[in-house]
Structures are given as structure tokens and as C-alpha cells.
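Asks: have a look at this prediction, sequence included:
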Amino acid sequence: MYRLFLLIATVAAAMLIGSCALLQPSPQQRAHELDPMLVAAGFKEYPADTPEKIQTLKNLPALSVKHYTGKDGALRYWLADPYGCQCLYLGDREAYQRYAGIRLQNRMVREEEEAAEENMEASENMMMPPFGFGPGIGFGF
């Protein structure tokens with residue numbers, strides 16, 4: 001009995017992990033989402049226009065904003081995008097702050113849209129006619 005429970009729990013966990021993976025955007029979709037935000041925030045694009053640059057770009061952590069301290073002591077932010085523009089984005093602290101603000105705004109808009117969709121679905125469900133054909137002839141749900 002314990003083995004059956006363990007098997008069922010393992011299968012359920014695998015299904016849950018698999019379904020979460022399906023909800024995650026592909027790297028190309030994520031790049032398509034990030035690129036306009038970075039440009040709008042003031043990051044500069046440096047294309048990987050030689051085989052050496054393309055290889056270097058592929059070896060960097062992709063689609064994740066990282067930072068380093070420049071020779072002048074100022075923070076610089078970068079993001080490698082081998083999936084969309086095949087470029088490296090580079091920005092200063094102000095560009096990163098604008099980018100963070102844009103991401104926050106986009107997240108809030110997305111959450112508001114999701115809430116509006118849920119509210120619409122709930123109101124549509126409330127307006128559904130009962131499962132019946134008149135007094136005394138319904139299904140009694």
C-alpha cells in the first residue's frame with residue numbers, strides 16, 4: 001500500500017513539474033519580452049557581429065541582468081541575449097532603475113488584466129441559466 005502511495009505521489013509530482021514547465025515562456029519569448037524594455041530604459045545594444053562575439057555571447061548567462069563595477073567605480077549592468085537580437089545590452093545605474101520600473105509596471109498591468117479576466121469569467125458563470133427546463137423538471141443542482 002505504501003509503495004502504491006509513493007508511486008502515485010511521484011507521478012503527481014512529475015505531472016505538476018511538467019505542467020509548470022509548459023507555463024514557462026521559451027527563451028525566444030522571454031527575449032521578445034525583455035528587449036523592448038531594455039531599449040526603452042536606455043540600455044545600448046552591442047551586436048554579436050563576428051563569430052568570436054557570437055561564441056562569447058553564447059557562453060554568458062542568457063537573459064539575466066548582471067552587473068559589474070567599471071574602472072571609474074560606477075556600476076554597469078548588462079544582459080546577454082543570444083535568442084532575440086543576438087547582442088549584449090549595456091546600461092548604467094539610471095538605465096537599470098528605469099528598466100526595473102518598466103518591469104514593475106508591466107507586471108502590475110499583467111496582474112490587473114488577469115484579475116479582470118477572472119472577474120469576467122466569474123460574472124459570466126453567475127449569469128448562466130440553471131440546468132432545468134422549468135418548475136419541477138430541473139436536474140436539481
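Replies: That came through, no problem. Residues are numbered from 1 along each chain as shown.
Asks: residues contacting residue 98?
Replies: 40, 41, 42 (C-beta atoms under 8 Å, 6 or more residues apart in numbering). In short, each C-beta sits where N, CA and C put it, glycine included.
Asks: buried sites along the helix or strand containing it?
Replies: If you go by DSSP states H and E, residue 98 is part of helix 93-126. Buried positions in helix 93-126, judged by neighbour count with 16 or more other C-beta atoms under 10 Å: 95, 96, 98, 99, 103.
Asks: coming back round to it: so which of the contacts of residue 98 is the most crowded?
Replies: residue 41 (20 neighbours; other C-beta atoms under 10 Å).
Asks: thought that one was touching residue 95?
Replies: Yes - at 5.0 Å, residue 41 counts as touching residue 95 under the criterion of C-beta atoms under 8 Å.
Asks: low-confidence ranges, this protein, go.
Replies: 2, 4-7, 9, 11-22, 126-141 (pLDDT under 70).
Asks: try it again at 90.
Replies: Under the criterion pLDDT under 90, the flagged ranges of the chain are 1-24, 115-141.
Asks: so where do the helices sit in it?
Replies: Using DSSP state H, the helices found in the chain span residues 2-23, 27-41, 51-59, 93-126.
Asks: so for residue 70, which of these sits nearest?
Replies: helix 93-126 (10.7 Å; C-beta to C-beta).
Asks: residue 43: neighbouring residues, count only.
Replies: 25.
Asks: equivalent analysis for the one 5 residues further on, please.
Replies: Other residues within reach of residue 48, judged by other C-beta under 10 Å, total 19.
Asks: against residue 100, how distant is it?
Replies: Distance from residue 48 to residue 100, counting by C-beta to C-beta, to the nearest Å: 25 Å.
Asks: repeat for residue 35
Replies: In terms of C-beta to C-beta, residue 35 sits 16 Å off from residue 100.
Asks: with residue 85 instead?
Replies: 20 Å.
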